[in-house]
Every structure is written in structure tokens, then in C-alpha cells.
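K.L.:
model the structure of this input:
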Amino acid sequence: MTDSLKSRRYDRVRRSVADNARRRLGVEALERRELLLVRASIDYSFDTNNFFNTPEKRDLMQSAADTVVGRFADDLGAIVPGSGNTWTAMFWAPGSGLVAGVPNRTIAANEVVFYAGGRDLGTEALGEGGPG
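P.N.:
As a prediction, the model looks like this:
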């Protein structure tokens, strides 16, 4: 095969590959995406033993809470008591382990409130969590 024939054949293959690439490239409309931002709010008012008494501890707690709520794919409505609507957040107080309640707390849309604190759980447990 002569060099000019090889060159023409190579040019034809190269043009064909380039033409196919041009035909495949294009702009495509994507579905609408919304970034739902659920915010973690940490309430330390029940940390009666001052476990979270340094900025470093609070930063670590905030990071953990942000990781949890970062997995939420929800649009959370606000909780605004009033006009005869009341509620009480019930949970185990983290500083004492006793049942505690916070009546009629207003919670903003897309906010999750964590009540954080610490106490001695003995040697059998590393941590404890529960519904609230």
C-alpha cells in the first residue's frame, strides 16, 4: 500500500471518529434539583455536668449533628405553637437521664434540635441515644 493511500485511509478514519464525537456531544436538559438544607441546632441547656464545656467539644458535636442531618432529603415544616396548638418535646435529659420536657418550643423550618449533654454511664456503656 502506498503512503498516500495509507494517509487518505487514516484521514478518513480520523474524520469519521471526529464526526461521530461531534454528533454525540450535545446539551441535555436535566431535571430540576433543589438543595434541601436541614440545619442541626444543638441545645446544651440540659448539659448540667458541663460535658460540652469547651469550644472543641461543641465543634465536634456540631460536626456529628451536621453529618446526620446532611443525609436528610426532607423539607421539614416549622413547629410554631399558638392559637390553641401546644406541644411538649419529651426526652431523657442528657445530664441526668431523667425524663425532661420543653413545652411549646418554636422550631424553624428545616431545623432539627439535638439536646446534648453528658453524664457517667458506668463501665458498660460508651454512649446512649434515644428518640426525642
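
K.L.:
neighbours of residue 108, how many?
P.N.:
13 (other Cβ atoms under 10 Å). Every residue, glycine included, has its C-beta placed from N, CA and C.

K.L.:
next one: it from residue 37, what distance?
P.N.:
Relative to residue 37, residue 108 is positioned 11 Å away (Cβ to Cβ, to the nearest Å).

K.L.:
now swap in residue 112 and tell me
P.N.:
11 Å.

K.L.:
ditto for residue 52
P.N.:
Where residue 37 is concerned, residue 52 sits at a distance of 24 Å (Cβ to Cβ).

K.L.:
more neighbours, those two?
P.N.:
Shown here are residue 52 and residue 37; by other Cβ under 10 Å, residue 52 has more neighbours (19 against 11).

K.L.:
correct me, but the more buried one touches residue 119?
P.N.:
No: between residue 52 and residue 119 there is no contact under Cβ atoms under 8 Å: 11.9 Å.

K.L.:
what segments of the chain are helices?
P.N.:
3-24, 55-69 (DSSP state H).

K.L.:
can you list the residues that contact the shortest one?
P.N.:
This points to helix 55-69. Helix 55-69 has contacts (Cβ atoms under 8 Å, 6 or more residues apart in numbering) with 38-40, 42, 44, 51-52, 112, 114, 116.

K.L.:
okay, that helix in CSV with CA atoms only?
P.N.:
Output of helix 55-69 as CSV, limited to C-alpha atoms (Å, rounded to 0.1, in the frame of the first residue of the first chain):
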residue,chain,number,x,y,z
PRO,A,55,-15.4,25.1,72.0
GLU,A,56,-13.6,22.0,70.7
LYS,A,57,-16.2,19.6,72.2
ARG,A,58,-19.0,21.7,70.9
ASP,A,59,-17.4,21.9,67.4
LEU,A,60,-17.2,18.1,67.4
MET,A,61,-20.8,17.7,68.4
GLN,A,62,-21.9,20.2,65.7
SER,A,63,-19.9,18.2,63.1
ALA,A,64,-21.5,15.0,64.1
ALA,A,65,-25.0,16.6,64.1
ASP,A,66,-24.3,18.2,60.7
THR,A,67,-23.3,14.8,59.3
VAL,A,68,-26.6,13.2,60.5
VAL,A,69,-28.8,15.9,59.1
